[in-house]
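K.L.:
here is a sequence with its predicted model. Questions after.
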Amino acid sequence: MPFNVMLLSLCQALLVSGNILLIAVSPLIGARLAPDPAWSTAPVATQWLGLMCATIPASLIMARLGRKRGFLLGNLLGLAGVVVAAQALVSEAFSLFMLGTWLIGIGIGFGQLYRFAAVEAAPLALRDRAIGLVMGGGVLAAFFGPWLARISREAAVTPFLGSFLGLGALYLVALLVLLATRLPPPEKTHGEGQPRPLGEIVRQPVFVVAVLAALIGYGVMNLAMTATPLAMSSAGHHFDHVATTIQWHVLAMFLPSFATGHLTARFGAPRMIAAGCVLLAASGLAAQIEAGVAGFYFALILLGLGWNFTFLPATGLLTEAYRPAEKARTQAANEFLVFSTVAITALLAGPLVDLLGWTLLNALLVPLSLVPIALLAWQRLARRRQDPHISG
(Lines give C-alpha, C1' and ligand atoms only; values in the text may rest on other atoms or scores of the structure.)
Protein backbone atom coordinates (compact mmCIF):
# COMPACT_ATOMS: atom_id res chain seq x y z
CA MET A 1 0.00 0.00 0.00
CA PRO A 2 1.49 3.41 -0.98
CA PHE A 3 2.86 5.48 1.91
CA ASN A 4 0.65 8.41 0.97
CA VAL A 5 -2.45 6.28 1.58
CA MET A 6 -1.12 5.67 5.09
CA LEU A 7 -0.69 9.42 5.61
CA LEU A 8 -4.27 9.91 4.46
CA SER A 9 -5.29 7.28 7.01
CA LEU A 10 -3.56 9.33 9.73
CA CYS A 11 -5.38 12.46 8.53
CA GLN A 12 -8.62 10.51 8.71
CA ALA A 13 -7.77 9.43 12.26
CA LEU A 14 -7.22 13.04 13.32
CA LEU A 15 -10.43 14.15 11.59
CA VAL A 16 -12.53 11.42 13.21
CA SER A 17 -10.93 12.07 16.63
CA GLY A 18 -12.20 15.62 16.38
CA ASN A 19 -15.60 14.42 15.21
CA ILE A 20 -15.91 12.09 18.22
CA LEU A 21 -15.01 14.93 20.55
CA LEU A 22 -17.70 17.09 18.91
CA ILE A 23 -20.27 14.27 19.12
CA ALA A 24 -19.62 13.90 22.84
CA VAL A 25 -19.69 17.60 23.81
CA SER A 26 -21.76 19.52 21.23
CA PRO A 27 -25.20 18.25 22.34
CA LEU A 28 -24.28 19.00 25.96
CA ILE A 29 -23.05 22.49 25.07
CA GLY A 30 -26.25 22.99 23.09
CA ALA A 31 -28.35 21.93 26.09
CA ARG A 32 -26.43 24.42 28.22
CA LEU A 33 -26.59 27.41 25.86
CA ALA A 34 -29.82 26.84 23.88
CA PRO A 35 -32.91 28.86 24.82
CA ASP A 36 -35.02 25.68 24.57
CA PRO A 37 -34.07 22.00 25.18
CA ALA A 38 -35.44 21.07 21.74
CA TRP A 39 -32.57 23.05 20.19
CA SER A 40 -29.87 21.14 22.07
CA THR A 41 -28.67 19.29 18.96
CA ALA A 42 -28.84 22.39 16.73
CA PRO A 43 -25.02 22.90 16.94
CA VAL A 44 -24.59 19.32 15.69
CA ALA A 45 -27.02 20.08 12.87
CA THR A 46 -25.17 23.26 11.87
CA GLN A 47 -21.94 21.24 11.81
CA TRP A 48 -23.53 18.83 9.35
CA LEU A 49 -25.08 21.76 7.49
CA GLY A 50 -21.59 23.17 7.02
CA LEU A 51 -20.44 19.78 5.77
CA MET A 52 -23.36 19.73 3.34
CA CYS A 53 -22.52 23.23 2.11
CA ALA A 54 -18.94 22.09 1.46
CA THR A 55 -19.74 18.97 -0.54
CA ILE A 56 -20.13 20.51 -3.99
CA PRO A 57 -17.50 23.29 -3.68
CA ALA A 58 -14.94 20.88 -2.18
CA SER A 59 -15.15 18.45 -5.09
CA LEU A 60 -15.01 21.23 -7.69
CA ILE A 61 -12.13 23.03 -5.94
CA MET A 62 -10.12 19.81 -5.80
CA ALA A 63 -10.82 19.14 -9.47
CA ARG A 64 -9.19 22.50 -10.25
CA LEU A 65 -6.53 22.89 -7.53
CA GLY A 66 -5.85 19.28 -6.56
CA ARG A 67 -6.65 17.20 -3.50
CA LYS A 68 -3.77 18.45 -1.38
CA ARG A 69 -4.57 22.15 -1.69
CA GLY A 70 -8.23 21.38 -1.11
CA PHE A 71 -7.49 19.47 2.09
CA LEU A 72 -5.23 22.27 3.35
CA LEU A 73 -7.98 24.81 2.70
CA GLY A 74 -10.48 22.66 4.56
CA ASN A 75 -8.20 22.39 7.60
CA LEU A 76 -7.76 26.15 7.73
CA LEU A 77 -11.52 26.65 7.63
CA GLY A 78 -11.89 24.13 10.45
CA LEU A 79 -9.35 26.04 12.53
CA ALA A 80 -11.29 29.26 11.94
CA GLY A 81 -14.40 27.48 13.21
CA VAL A 82 -12.58 26.36 16.35
CA VAL A 83 -11.63 29.96 17.13
CA VAL A 84 -15.23 31.14 16.67
CA ALA A 85 -16.64 28.31 18.80
CA ALA A 86 -14.14 29.00 21.58
CA GLN A 87 -15.15 32.66 21.62
CA ALA A 88 -18.80 31.61 21.76
CA LEU A 89 -18.16 29.47 24.83
CA VAL A 90 -16.44 32.34 26.61
CA SER A 91 -19.29 34.74 25.80
CA GLU A 92 -22.01 32.06 26.18
CA ALA A 93 -23.45 32.96 22.77
CA PHE A 94 -25.55 30.13 21.32
CA SER A 95 -25.85 31.58 17.81
CA LEU A 96 -22.09 32.27 17.65
CA PHE A 97 -21.41 28.69 18.74
CA MET A 98 -23.57 27.42 15.88
CA LEU A 99 -21.57 29.61 13.48
CA GLY A 100 -18.39 28.02 14.80
CA THR A 101 -19.68 24.47 14.34
CA TRP A 102 -20.88 25.42 10.84
CA LEU A 103 -17.34 26.48 9.87
CA ILE A 104 -15.94 23.33 11.47
CA GLY A 105 -18.45 21.34 9.42
CA ILE A 106 -17.17 22.94 6.22
CA GLY A 107 -13.67 21.81 7.11
CA ILE A 108 -14.95 18.30 7.83
CA GLY A 109 -16.70 18.34 4.44
CA PHE A 110 -13.34 18.70 2.70
CA GLY A 111 -11.91 15.91 4.87
CA GLN A 112 -14.70 13.51 3.90
CA LEU A 113 -12.98 13.22 0.52
CA TYR A 114 -9.90 11.51 2.00
CA ARG A 115 -11.42 8.17 0.98
CA PHE A 116 -11.64 9.22 -2.68
CA ALA A 117 -8.09 10.56 -2.58
CA ALA A 118 -6.98 7.11 -1.36
CA VAL A 119 -8.54 5.51 -4.45
CA GLU A 120 -6.49 7.86 -6.64
CA ALA A 121 -3.26 7.26 -4.71
CA ALA A 122 -3.46 3.46 -4.92
CA PRO A 123 -3.46 0.97 -7.83
CA LEU A 124 -6.90 -0.04 -9.11
CA ALA A 125 -6.51 -3.57 -7.72
CA LEU A 126 -6.12 -2.11 -4.23
CA ARG A 127 -9.13 0.25 -4.48
CA ASP A 128 -11.30 -1.35 -1.79
CA ARG A 129 -8.34 -2.02 0.50
CA ALA A 130 -7.17 1.61 0.19
CA ILE A 131 -10.63 2.84 1.15
CA GLY A 132 -10.61 0.42 4.08
CA LEU A 133 -7.16 1.51 5.25
CA VAL A 134 -8.04 5.21 5.19
CA MET A 135 -11.35 4.65 6.96
CA GLY A 136 -9.53 2.33 9.36
CA GLY A 137 -7.74 5.40 10.69
CA GLY A 138 -10.87 5.82 12.77
CA VAL A 139 -9.70 2.95 14.99
CA LEU A 140 -7.05 5.21 16.50
CA ALA A 141 -9.72 7.89 16.83
CA ALA A 142 -11.99 5.50 18.72
CA PHE A 143 -9.49 5.51 21.59
CA PHE A 144 -8.00 8.97 21.25
CA GLY A 145 -11.22 10.94 20.65
CA PRO A 146 -13.14 9.93 23.80
CA TRP A 147 -9.95 10.21 25.89
CA LEU A 148 -9.43 13.74 24.60
CA ALA A 149 -13.10 14.55 25.29
CA ARG A 150 -12.77 13.38 28.90
CA ILE A 151 -9.51 15.10 29.79
CA SER A 152 -10.23 18.35 27.95
CA ARG A 153 -13.77 18.88 29.22
CA GLU A 154 -12.67 20.54 32.46
CA ALA A 155 -9.22 21.68 31.28
CA ALA A 156 -10.25 25.35 31.34
CA VAL A 157 -12.33 27.51 33.64
CA THR A 158 -14.94 27.95 30.91
CA PRO A 159 -16.81 24.61 30.51
CA PHE A 160 -15.82 22.72 27.37
CA LEU A 161 -13.35 25.40 26.24
CA GLY A 162 -10.52 22.92 26.67
CA SER A 163 -12.31 20.55 24.29
CA PHE A 164 -12.06 23.09 21.47
CA LEU A 165 -8.44 23.87 22.26
CA GLY A 166 -7.77 20.15 21.84
CA LEU A 167 -9.75 20.15 18.59
CA GLY A 168 -7.59 23.00 17.27
CA ALA A 169 -4.46 21.01 18.11
CA LEU A 170 -5.78 18.05 16.09
CA TYR A 171 -6.35 20.24 13.05
CA LEU A 172 -2.86 21.74 13.32
CA VAL A 173 -1.28 18.27 13.38
CA ALA A 174 -3.38 17.26 10.35
CA LEU A 175 -2.15 20.37 8.56
CA LEU A 176 1.47 19.26 9.08
CA VAL A 177 0.74 15.71 7.89
CA LEU A 178 -0.93 17.05 4.75
CA LEU A 179 2.09 19.18 3.95
CA ALA A 180 4.17 15.98 3.87
CA THR A 181 1.65 14.09 1.71
CA ARG A 182 2.14 13.75 -2.06
CA LEU A 183 -1.02 13.30 -4.10
CA PRO A 184 -1.52 13.05 -7.89
CA PRO A 185 -2.24 16.36 -9.71
CA PRO A 186 -5.85 17.04 -10.81
CA GLU A 187 -5.06 16.65 -14.49
CA LYS A 188 -4.02 13.04 -13.80
CA THR A 189 -6.86 12.05 -11.47
CA HIS A 190 -9.82 13.82 -13.05
CA GLY A 191 -8.89 13.37 -16.71
CA GLU A 192 -10.16 15.05 -19.83
CA GLY A 193 -12.87 14.29 -22.34
CA GLN A 194 -16.54 14.93 -22.83
CA PRO A 195 -18.51 14.11 -19.67
CA ARG A 196 -22.03 12.77 -19.83
CA PRO A 197 -24.90 14.91 -18.50
CA LEU A 198 -25.23 14.60 -14.72
CA GLY A 199 -28.82 13.46 -15.11
CA GLU A 200 -27.67 10.47 -17.14
CA ILE A 201 -25.08 9.57 -14.51
CA VAL A 202 -27.44 9.74 -11.52
CA ARG A 203 -30.06 7.58 -13.25
CA GLN A 204 -27.68 4.62 -13.44
CA PRO A 205 -28.73 1.73 -11.15
CA VAL A 206 -25.20 1.53 -9.73
CA PHE A 207 -25.32 5.22 -8.74
CA VAL A 208 -28.77 4.88 -7.17
CA VAL A 209 -27.72 1.88 -5.06
CA ALA A 210 -24.44 3.47 -3.99
CA VAL A 211 -26.08 6.74 -2.92
CA LEU A 212 -29.08 5.17 -1.23
CA ALA A 213 -26.92 2.72 0.74
CA ALA A 214 -24.61 5.51 1.91
CA LEU A 215 -27.55 7.82 2.60
CA ILE A 216 -29.49 5.29 4.69
CA GLY A 217 -26.41 3.92 6.43
CA TYR A 218 -25.08 7.32 7.43
CA GLY A 219 -28.50 8.86 8.13
CA VAL A 220 -29.72 6.08 10.43
CA MET A 221 -26.37 5.90 12.19
CA ASN A 222 -26.12 9.66 12.70
CA LEU A 223 -29.67 10.04 14.00
CA ALA A 224 -29.22 7.33 16.63
CA MET A 225 -25.67 8.39 17.49
CA THR A 226 -26.54 12.10 17.91
CA ALA A 227 -29.48 11.19 20.13
CA THR A 228 -27.34 8.91 22.32
CA PRO A 229 -25.70 11.54 24.61
CA LEU A 230 -29.11 13.11 25.27
CA ALA A 231 -30.81 9.75 25.86
CA MET A 232 -28.06 8.57 28.21
CA SER A 233 -28.05 11.87 30.08
CA SER A 234 -31.84 11.68 30.50
CA ALA A 235 -31.44 8.12 31.81
CA GLY A 236 -29.05 9.40 34.49
CA HIS A 237 -25.79 8.02 33.07
CA HIS A 238 -22.50 9.81 33.82
CA PHE A 239 -20.60 11.68 31.09
CA ASP A 240 -17.80 9.09 31.28
CA HIS A 241 -20.32 6.41 30.30
CA VAL A 242 -21.47 8.58 27.41
CA ALA A 243 -17.89 9.01 26.16
CA THR A 244 -17.17 5.29 26.54
CA THR A 245 -20.34 4.34 24.65
CA ILE A 246 -19.35 6.62 21.79
CA GLN A 247 -15.86 5.12 21.93
CA TRP A 248 -17.15 1.56 21.44
CA HIS A 249 -19.50 2.78 18.74
CA VAL A 250 -16.71 4.45 16.77
CA LEU A 251 -14.47 1.41 17.23
CA ALA A 252 -17.24 -0.71 15.70
CA MET A 253 -17.54 1.82 12.89
CA PHE A 254 -13.90 1.71 11.87
CA LEU A 255 -12.20 -1.47 13.13
CA PRO A 256 -13.85 -3.70 10.48
CA SER A 257 -12.49 -1.35 7.78
CA PHE A 258 -9.27 -3.35 7.59
CA ALA A 259 -11.31 -6.38 6.48
CA THR A 260 -14.24 -4.70 4.72
CA GLY A 261 -12.24 -4.17 1.53
CA HIS A 262 -11.31 -7.87 1.38
CA LEU A 263 -14.89 -8.91 2.09
CA THR A 264 -16.29 -6.54 -0.54
CA ALA A 265 -13.85 -7.83 -3.15
CA ARG A 266 -14.88 -11.42 -2.33
CA PHE A 267 -18.65 -11.15 -1.85
CA GLY A 268 -19.46 -7.99 -3.79
CA ALA A 269 -20.79 -4.62 -2.68
CA PRO A 270 -24.52 -5.54 -2.86
CA ARG A 271 -24.16 -8.44 -0.39
CA MET A 272 -22.06 -6.31 1.97
CA ILE A 273 -24.62 -3.50 1.83
CA ALA A 274 -27.43 -5.97 2.60
CA ALA A 275 -25.47 -7.28 5.61
CA GLY A 276 -24.94 -3.71 6.81
CA CYS A 277 -28.67 -2.98 6.57
CA VAL A 278 -29.46 -6.05 8.67
CA LEU A 279 -26.99 -4.86 11.32
CA LEU A 280 -28.57 -1.39 11.37
CA ALA A 281 -31.99 -2.96 11.88
CA ALA A 282 -30.56 -5.20 14.62
CA SER A 283 -29.27 -2.09 16.39
CA GLY A 284 -32.77 -0.60 16.44
CA LEU A 285 -34.13 -3.85 17.84
CA ALA A 286 -31.39 -4.04 20.48
CA ALA A 287 -32.36 -0.56 21.70
CA GLN A 288 -35.73 -2.02 22.72
CA ILE A 289 -34.12 -4.23 25.38
CA GLU A 290 -33.10 -1.83 28.15
CA ALA A 291 -31.87 1.72 28.82
CA GLY A 292 -28.90 0.57 30.93
CA VAL A 293 -25.30 1.22 29.96
CA ALA A 294 -24.92 -2.30 28.53
CA GLY A 295 -28.00 -1.79 26.37
CA PHE A 296 -26.59 1.42 24.91
CA TYR A 297 -23.22 -0.27 24.34
CA PHE A 298 -24.75 -3.20 22.44
CA ALA A 299 -27.05 -1.05 20.29
CA LEU A 300 -24.29 1.40 19.39
CA ILE A 301 -21.81 -1.35 18.51
CA LEU A 302 -24.31 -2.89 16.07
CA LEU A 303 -25.01 0.60 14.73
CA GLY A 304 -21.30 1.16 14.01
CA LEU A 305 -20.94 -2.19 12.26
CA GLY A 306 -23.99 -1.48 10.14
CA TRP A 307 -22.57 1.89 9.07
CA ASN A 308 -19.27 0.31 8.07
CA PHE A 309 -20.85 -2.41 5.95
CA THR A 310 -23.09 0.05 4.10
CA PHE A 311 -20.94 3.17 3.70
CA LEU A 312 -17.60 1.66 2.69
CA PRO A 313 -18.91 -0.71 -0.01
CA ALA A 314 -21.11 2.12 -1.28
CA THR A 315 -18.01 4.31 -1.69
CA GLY A 316 -16.30 1.69 -3.84
CA LEU A 317 -19.50 1.08 -5.81
CA LEU A 318 -19.81 4.79 -6.59
CA THR A 319 -16.45 4.77 -8.41
CA GLU A 320 -18.03 2.43 -10.99
CA ALA A 321 -20.66 5.06 -11.88
CA TYR A 322 -18.38 7.69 -13.46
CA ARG A 323 -15.55 8.24 -15.91
CA PRO A 324 -12.50 10.33 -14.90
CA ALA A 325 -13.89 13.51 -16.48
CA GLU A 326 -17.15 13.01 -14.56
CA LYS A 327 -15.52 12.39 -11.19
CA ALA A 328 -15.89 15.83 -9.55
CA ARG A 329 -19.55 16.33 -10.38
CA THR A 330 -20.53 12.75 -9.52
CA GLN A 331 -18.72 12.78 -6.19
CA ALA A 332 -20.18 16.20 -5.43
CA ALA A 333 -23.71 14.93 -6.13
CA ASN A 334 -23.12 11.89 -3.92
CA GLU A 335 -21.69 13.89 -1.04
CA PHE A 336 -24.45 16.50 -1.24
CA LEU A 337 -27.24 13.93 -1.17
CA VAL A 338 -25.69 11.88 1.62
CA PHE A 339 -24.66 14.71 3.91
CA SER A 340 -27.82 16.73 3.36
CA THR A 341 -29.57 13.73 4.87
CA VAL A 342 -27.05 13.60 7.70
CA ALA A 343 -27.60 17.30 8.46
CA ILE A 344 -31.36 16.77 8.61
CA THR A 345 -31.01 13.78 10.94
CA ALA A 346 -28.74 15.76 13.26
CA LEU A 347 -31.29 18.56 13.42
CA LEU A 348 -34.13 16.11 14.09
CA ALA A 349 -32.28 14.05 16.72
CA GLY A 350 -32.96 16.42 19.62
CA PRO A 351 -36.69 16.99 18.97
CA LEU A 352 -37.32 13.32 18.12
CA VAL A 353 -35.64 11.84 21.17
CA ASP A 354 -37.44 14.44 23.30
CA LEU A 355 -40.80 13.67 21.69
CA LEU A 356 -40.60 9.91 21.09
CA GLY A 357 -37.99 8.69 23.52
CA TRP A 358 -34.99 6.49 22.79
CA THR A 359 -36.88 3.21 22.40
CA LEU A 360 -39.58 4.34 19.97
CA LEU A 361 -37.11 6.39 17.92
CA ASN A 362 -34.98 3.30 17.32
CA ALA A 363 -38.03 1.18 16.55
CA LEU A 364 -38.92 3.55 13.71
CA LEU A 365 -35.39 3.24 12.32
CA VAL A 366 -35.70 -0.53 11.82
CA PRO A 367 -37.85 -0.50 8.64
CA LEU A 368 -35.92 2.49 7.28
CA SER A 369 -32.69 0.51 7.59
CA LEU A 370 -34.04 -2.19 5.27
CA VAL A 371 -34.89 0.10 2.33
CA PRO A 372 -31.60 -0.56 0.41
CA ILE A 373 -32.25 -4.30 0.61
CA ALA A 374 -35.64 -3.74 -1.00
CA LEU A 375 -34.01 -1.71 -3.79
CA LEU A 376 -31.37 -4.38 -4.41
CA ALA A 377 -34.06 -7.06 -4.56
CA TRP A 378 -36.14 -4.97 -6.98
CA GLN A 379 -33.14 -4.37 -9.27
CA ARG A 380 -32.25 -8.06 -9.22
CA LEU A 381 -35.85 -9.00 -10.11
CA ALA A 382 -35.85 -6.44 -12.95
CA ARG A 383 -32.63 -7.94 -14.38
CA ARG A 384 -34.11 -11.43 -14.24
CA ARG A 385 -37.18 -10.28 -16.13
CA GLN A 386 -34.98 -8.76 -18.82
CA ASP A 387 -32.81 -11.87 -19.01
CA PRO A 388 -34.20 -15.05 -17.38
CA HIS A 389 -30.72 -16.63 -17.51
CA ILE A 390 -29.30 -14.13 -14.98
CA SER A 391 -28.78 -15.88 -11.64
CA GLY A 392 -27.66 -12.94 -9.46
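P.N.:
Received, thanks.
K.L.:
pass me the low-pLDDT residue ranges in the protein, would you?
P.N.:
Where the chain drops to pLDDT under 70, the residues are 1, 187-193, 290-291, 387-392.
K.L.:
hey, where'd the strands end up in it?
P.N.:
Assigned strands in the chain: none (criterion: DSSP state E).
K.L.:
grab the nearest non-local neighbour of Ser59.
P.N.:
Using Cβ to Cβ, 6 or more residues apart in numbering and skipping the chain neighbours, the partner closest in space to Ser59 is Ala332 (3.7 Å). (Each C-beta comes from the backbone N, C-alpha and C, glycine too.)
K.L.:
likewise Thr41?
P.N.:
Gly350 (3.4 Å).
K.L.:
can you count the residues close to Leu368?
P.N.:
16 (other Cβ atoms under 10 Å).
K.L.:
ok, now Arg203?
P.N.:
Arg203 has 10 nearby residues by other Cβ under 10 Å.
K.L.:
returning to what we had before: give the contact list for the residue nearest to Ser59.
P.N.:
By Cβ atoms under 8 Å, 6 or more residues apart in numbering, the contact list for Ala332 reads 55-56, 58-60.
K.L.:
so the residue nearest to Thr41 touches Leu28, yeah?
P.N.:
No. Applying Cβ atoms under 8 Å as the test, Gly350 and Leu28 come out as separate, 11.6 Å apart.
K.L.:
neighbour count: the two, which is higher?
P.N.:
Here Gly350 and Leu28 are set side by side on neighbour count (other Cβ under 10 Å), and the busier one is Gly350, at 26 against 20.
K.L.:
that one and Ala299, how far apart?
P.N.:
Distance check for Gly350 against Ala299: by Cβ to Cβ, to the nearest Å, it reads 19 Å.
K.L.:
any chance of the contacts of Ala332 in a markdown table, plus distance to Ser340 and neighbour count?
P.N.:
Below are these laid out as a markdown table (distance: Cβ to Cβ, whole Å; neighbours: other Cβ atoms under 10 Å):
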| residue | distance to Ser340 | neighbour count |
| --- | --- | --- |
| Thr55 | 8 | 24 |
| Ile56 | 11 | 17 |
| Ala58 | 14 | 27 |
| Ser59 | 14 | 25 |
| Leu60 | 17 | 15 |
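K.L.:
tell me how far stretch 84-96 is from the chain's mean position?
P.N.:
25 Å (Cα atoms, centre = their mean, to the nearest Å).
K.L.:
residues in contact with stretch 171-180?
P.N.:
Under the criterion Cβ under 8 Å, 6+ apart, residues 7, 10-11, 14-15, 18, 68, 71-72, 75-76, 78-79, 82, 107, 111 lie in contact with stretch 171-180.
K.L.:
mind checking which of those residues are in helices?
P.N.:
Members of the contacts of stretch 171-180 lying in helices (criterion: DSSP state H): 7, 10-11, 14-15, 18, 68, 71-72, 75-76, 78-79, 82, 107, 111.
K.L.:
re earlier: wait, which of the contacts of stretch 171-180 is closest to Leu212?
P.N.:
Leu212 has its nearest neighbour among the contacts of stretch 171-180 in Gly111, at 23.3 Å by Cβ to Cβ.
K.L.:
for the closest one, what are its contacts?
P.N.:
Contacts for Gly111 (Cβ under 8 Å, 6+ apart) come out as 11-12, 15, 71, 74-75, 78, 174.
K.L.:
could you rerun that using 10 Å?
P.N.:
Going by Cβ atoms under 10 Å, 6 or more residues apart in numbering, Gly111 touches 8, 11-12, 14-16, 18-19, 51, 54, 58, 70-71, 74-75, 78, 117, 171, 174, 178.
K.L.:
what subset of those is buried?
P.N.:
For the contacts of Gly111, a neighbour count by 16 or more other Cβ atoms under 10 Å gives the buried set as 8, 11-12, 14-16, 18-19, 51, 54, 58, 70-71, 74-75, 78, 117, 171, 174, 178.
K.L.:
what distance do you get for Ala243 to Val202?
P.N.:
With the distance defined as Cβ to Cβ, Ala243 ends up 39 Å from Val202.
K.L.:
of these two, who's got more company?
P.N.:
Ranked by neighbour count (other Cβ under 10 Å), Ala243 and Val202 place Ala243 first, with 22 against 16.
K.L.:
verify the stated contact: His181 with Asn4.
P.N.:
Just so we're on the same page, residue 181 is Thr rather than His. Yes. With contact defined as Cβ atoms under 10 Å, Thr181 reaches Asn4; the gap is 5.5 Å.
K.L.:
which residues do these two both contact?
P.N.:
Common neighbours of Thr181 and Asn4 (Cβ under 10 Å, 6+ apart) are 68, 117, 121.
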